[in-house]
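A.B. asks: Prediction below, plus the sequence it came from.
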Number of protein chains: 2
Amino acid sequence: MPTSPLRPVAEARQAILARLSPMPVEQVSLAEAFGRILAADLPASLSHPAAAVSAMDGWAVRAGDVASLPALLPIAGESGAGHPYPARLPDGQAVRIFTGALLPEGADTIIIQEEAEKQGSGKVLIQKKTPAGRYIRPAGMDFTAGDRLLAKGERLGARHIALVALGGLSQLPVYQKPRLAILTSGDELVPPGQTPGPGQLINSNSLLLELLARDAGAEPVNLGILPDRAGALGERLGRAEKPDMIVTTGGASVGDHDHIVSDLKANPNASLDFWKIAMRPGKPLIFGHWHGIPLLGLPGNPVSAAVCAFNFLLPALAALQDTRLDWPVTHARLATPLPENDQREDYIRARLARDEAGGWIAHPASQQDSAMLKTLVEADGFIIRPPHAAACHTGSEVPVLRLPDGF
Amino acid sequence: MPTSPLRPVAEARQAILARLSPMPVEQVSLAEAFGRILAADLPASLSHPAAAVSAMDGWAVRAGDVASLPALLPIAGESGAGHPYPARLPDGQAVRIFTGALLPEGADTIIIQEEAEKQGSGKVLIQKKTPAGRYIRPAGMDFTAGDRLLAKGERLGARHIALVALGGLSQLPVYQKPRLAILTSGDELVPPGQTPGPGQLINSNSLLLELLARDAGAEPVNLGILPDRAGALGERLGRAEKPDMIVTTGGASVGDHDHIVSDLKANPNASLDFWKIAMRPGKPLIFGHWHGIPLLGLPGNPVSAAVCAFNFLLPALAALQDTRLDWPVTHARLATPLPENDQREDYIRARLARDEAGGWIAHPASQQDSAMLKTLVEADGFIIRPPHAAACHTGSEVPVLRLPDGF
């Protein structure tokens, strides 16, 4: 039996990411930018507020005019939100003002309405001392035109886009969505919705990858099921529009019917970089290029495909958008013992529960076969077992990679 | 000054949620179900695997035929994935088999290819002992037809939908997307993309709510900016298609130009339930009904609107889909002291950083004005300060509500 050294997971991922370049930048509308990665620092076009405004409903005055109390000031007019007082505040007078309304020129202090009394005579009576400058939002308090609102690399959530709108921008530079071609290999596969015959299986992998890719900001193109036949990969890809990346599942092993590896080896315009990873599930993994397009080949078993997508595809799609993923790690105590590990980094499907003290308990699924998708669906994360890890007793602390939303 | 008791945040939220009913259920395709909430328990239509298959490339044999070694078995034929061996395994023979291929009737054990040697004579030589039943995935190992694949209330990620596909289903019952009408009130507001004049401000709230609502599984309908005029709310809503919920920002206070409250009070088909919450930012909050449709009225300042959306709108949209949100809480130590709190629960924008020991340090923003959206964008979460909390020293532990992805 020939043996070849297995490549550590982190090293393999790093080698893949090093071969990927960020997508070109495009300008999109604010609404389209949601969830995308900002491709440049973004300066504000406008200041917020553009000019000093009142933070409260009340009366705009000069601090000097209310220095000695009581003060009875004639009411010069009103400044409402969107309806500014049209002139300079006359000396010794007050302007009725509302939250968000422009502070009249000359005014420097707000008396809130609860601390003033409007008189029938068209005057307002102020009896309580108010510090100068109170309840005024000065121009640029939030930000000033030219200030950096957001930094390159920011993932744009609702509040980021609202800030950009407030700063006077209506377009944003983001990385183009990488187009991901998805191919599944296997004569046994039929598409979802079709009833499988004897020995046939529904292809769940393409749908899994399609949904994961879209959620990761990519544009999936499902190229369907490849027959187990030499040359099928190139024929199918040759007919499709050129994608930015290719992902396959199945056909990644060394069996007589596994053609992804042999097709890449046989094609002068393709390259194959490595395909054995020290991980479980998922030892056979392909990374290569087809006509210059990066190709990631995942194993065909549903759980292996999902774990390899988690470990390699999602970080790759992030790298194409010039960002990186950091899965949250929870430290938990084992509910059941785990045996000594071999040379492969083990991704053990586990549920998490709280113990009485509020700590986390990890319950590994009793069976970890890579064809058992239901245990992955029931899992909250993967207990990570390093290569050659010693046996762990019940209660030992283990790191658990949490499955992200949408996974 | 009249004072009225303020309603605690959790009590107000509970009162809102108690008034909401889940949306009707609809059947959608697998791809459309992504991110939605499952509205019923889901049994599998098919078993997986449907029949016993090989977990490895190798040879399918009867355990009895390899009990005494070495064994030299004639090769009866081949079982490939999607190409089953068409007959019963003849006694004393072996079938070449590949991963995922149907186990021939009569076979009960797989000899992996690394442990067998194909002879030129059309026979295979087995010299190593293999336990009976090895490397076979029995029918239904993952799940059996009729097994519950997913439980009602599950949020459907990629792996959930892949499982459902594998189980032979092509449609899923989910809650209809609630249609959320969004209205912003204020004469000072202009839509994003328009240059504001003196005293005008860009309306960032509608966009914020639109993006948050879509991300929360709702269908936002932006009804634009309402003028500060009595009756404007009803006129605008009367012209729109009937939504499932209404959210407004601005006009929620008691100023002369705040018409949302007065419009609800004046309309015989509307009701107003309460509108003063013990929270900061965001004291004025409306909950009511307009022609039987729940209406949530948020304050107009960008940060107040966002914090109230976080506290009330997102849980309400979840409730309309029969689910609840639990924001993750991180316990962090304060980087700077905080003063004693008054009667309002305080939502203090803060950044989180790791200390040398890997613990969390919370850095509250130095200014917390509710018009400062940039500090919200820079925040990782809210330090929650209960009403009447005592002053906190640097290093005190405080709970921090983490801002969710997409917020």
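C.D. replies: Cool, got the structure. Numbers count the residues shown, from 1 in each chain, chains lettered A, B, ... in the order given.

A.B. asks: contacts and neighbour counts: CA atoms only from here.
C.D. replies: Noted.

A.B. asks: what number of residues lie near the residue of the stretch 251-400 of chain A found nearest chain B?
C.D. replies: Closest approach between the stretch 251-400 of chain A and chain B, counting by CA to the nearest CA: residue A:372, at 4.6 Å. Residues near residue A:372, counting by other CA atoms under 10 Å in any protein chain shown, number 22.

A.B. asks: Name the nearest residue to it, sequence neighbours excluded.
C.D. replies: Among residues not flanking residue A:372 along the chain, residue B:142 sits closest, at 4.6 Å (CA to CA, 6 or more residues apart in numbering or on different chains).

A.B. asks: how about the one you found, what does it touch?
C.D. replies: A:371, A:372, A:373, A:374, A:375, B:47, B:48, B:49 (CA atoms under 8 Å, 6 or more residues apart in numbering or on different chains).

A.B. asks: The residue in the stretch 1-150 of chain A that chain B sits nearest to and residue A:43: what is the separation?
C.D. replies: Closest to chain B within the stretch 1-150 of chain A is residue A:82: 3.4 Å, counting by CA to the nearest CA. Shown here: residue A:82 relative to residue A:43, a distance of 26 Å by CA to CA, to the nearest Å.

A.B. asks: Next up, the contacts around the closest residue to residue A:38 other than its chain neighbours.
C.D. replies: On the basis of CA to CA, 6+ apart, the spatially nearest residue to residue A:38 that is not a chain neighbour turns out to be residue A:174, at 4.7 Å. Counting by CA under 8 Å, 6+ apart, residue A:174 touches A:25, A:26, A:27, A:28, A:33, A:36, A:37, A:38, A:39, A:40.

A.B. asks: What distance do you get for residue A:174 to residue B:133?
C.D. replies: Applying CA to CA to residue A:174 and residue B:133 gives a distance of 54 Å.

A.B. asks: now the helices for the stretch 151-300 of chain A?
C.D. replies: A:158-166, A:205-215, A:232-239, A:259-266 (DSSP state H, counting those that start in this stretch).

A.B. asks: now the contacts of residue B:142 as TSV including distance to residue A:356?
C.D. replies: Formatted as TSV, these follow (distance: CA to CA, whole Å):
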residue	distance to residue A:356
A:371	34
A:372	31
A:373	30
A:374	28
A:375	25
B:47	38
B:48	37
B:49	39
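
A.B. asks: Just the ones of these in strands?
C.D. replies: Using DSSP state E, no member of those falls in strands.

A.B. asks: Serialize the residues you listed to JSON lines and add fields for distance to residue B:406 and pLDDT.
C.D. replies: Formatted as JSON lines, the contacts of residue B:142 follow (distance: CA to CA, whole Å; pLDDT from 0 to 100):
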{"residue": "A:371", "distance to residue B:406": "33", "pLDDT": "91"}
{"residue": "A:372", "distance to residue B:406": "32", "pLDDT": "95"}
{"residue": "A:373", "distance to residue B:406": "28", "pLDDT": "97"}
{"residue": "A:374", "distance to residue B:406": "28", "pLDDT": "97"}
{"residue": "A:375", "distance to residue B:406": "28", "pLDDT": "97"}
{"residue": "B:47", "distance to residue B:406": "37", "pLDDT": "97"}
{"residue": "B:48", "distance to residue B:406": "36", "pLDDT": "96"}
{"residue": "B:49", "distance to residue B:406": "38", "pLDDT": "95"}
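
A.B. asks: Okay, and the residue of chain A positioned farthest from its centre sits in which element?
C.D. replies: Using CA atoms, centre = their mean, the residue of chain A lying farthest from its centre is residue A:121. It sits 60.2 Å away. If you go by DSSP states H and E, residue A:121 is not part of any helix or strand.

A.B. asks: Likewise for residue A:315?
C.D. replies: helix A:314-320.

A.B. asks: pull the helix or strand with minimum mean pLDDT from chain A.
C.D. replies: strand A:270-276 (a mean of 83; mean pLDDT, DSSP states H and E).

A.B. asks: relative to helix A:259-266, how tilted is that strand?
C.D. replies: Angle, strand A:270-276 to helix A:259-266, by axes from the mean of the first three to the mean of the last three CA atoms, to 10 degrees: 130 degrees.

A.B. asks: helices and strands around strand A:270-276, which ones?
C.D. replies: helix A:259-266, strand A:284-290 (3 or more CA pairs under 8 Å, 6 or more residues apart in numbering or on different chains; DSSP states H and E).

A.B. asks: how about low-confidence regions in chain A?
C.D. replies: Along chain A, segments meeting pLDDT under 70 span A:1-4, A:253-257.

A.B. asks: Quick check: can you list the domain ranges of it?
C.D. replies: Listed by automatic domain parsing, the domain ranges of chain A are A:9-24+A:176-320, A:25-47+A:148-175, A:53-137, A:329-402.

A.B. asks: Can you give me the end-to-end span of the second one?
C.D. replies: Looking at domain A:25-47+A:148-175, the gap from its leading to its trailing residue is 4 Å under the measure CA to CA.

A.B. asks: With the longest one instead?
C.D. replies: Its first and final residues considered, domain A:9-24+A:176-320 spans 19 Å by CA to CA.

A.B. asks: Report the distance from it to the chain centre.
C.D. replies: On the basis of CA atoms, centre = their mean, to the nearest Å, domain A:9-24+A:176-320 sits 22 Å off its chain's mean C-alpha point.

A.B. asks: ditto for stretch A:348-368
C.D. replies: 26 Å.

A.B. asks: Return it as CSV; C-alpha atoms alone will do.
C.D. replies: Extracted in CSV, the C-alpha atoms of stretch A:348-368 (Å, rounded to 0.1, in the frame of the first residue of the first chain):
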residue,chain,number,x,y,z
ILE,A,348,-17.2,15.6,15.2
ARG,A,349,-20.8,16.6,14.9
ALA,A,350,-22.1,17.7,18.4
ARG,A,351,-25.0,19.3,20.0
LEU,A,352,-24.4,22.0,22.6
ALA,A,353,-26.4,22.4,25.8
ARG,A,354,-26.0,24.5,28.9
ASP,A,355,-25.1,23.0,32.3
GLU,A,356,-26.5,24.2,35.5
ALA,A,357,-23.7,26.7,36.0
GLY,A,358,-24.3,28.2,32.5
GLY,A,359,-21.3,26.5,30.9
TRP,A,360,-21.5,24.5,27.7
ILE,A,361,-21.7,20.8,27.4
ALA,A,362,-20.9,19.1,24.1
HIS,A,363,-22.9,16.0,23.1
PRO,A,364,-21.1,14.2,20.2
ALA,A,365,-23.4,12.3,17.9
SER,A,366,-23.0,8.6,18.6
GLN,A,367,-22.5,7.8,14.9
GLN,A,368,-20.3,10.0,12.7
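
A.B. asks: What residues does residue A:373 make contact with?
C.D. replies: Going by CA under 8 Å, 6+ apart, the list of residues near residue A:373 reads A:302, A:303, B:142, B:159, B:163.

A.B. asks: Show me which pair in those residues is furthest apart.
C.D. replies: B:142 and B:159 (14.0 Å; CA to CA).

A.B. asks: where's the residue of the stretch 1-150 of chain A closest to chain B relative to residue A:114, distance?
C.D. replies: Relative to residue A:114, and taking CA to CA, residue A:82 is found at 23 Å.

A.B. asks: the more surrounded of the two?
C.D. replies: Higher neighbour count among residue A:82 and residue A:114: residue A:82, with 22 against 10, using other CA under 10 Å.
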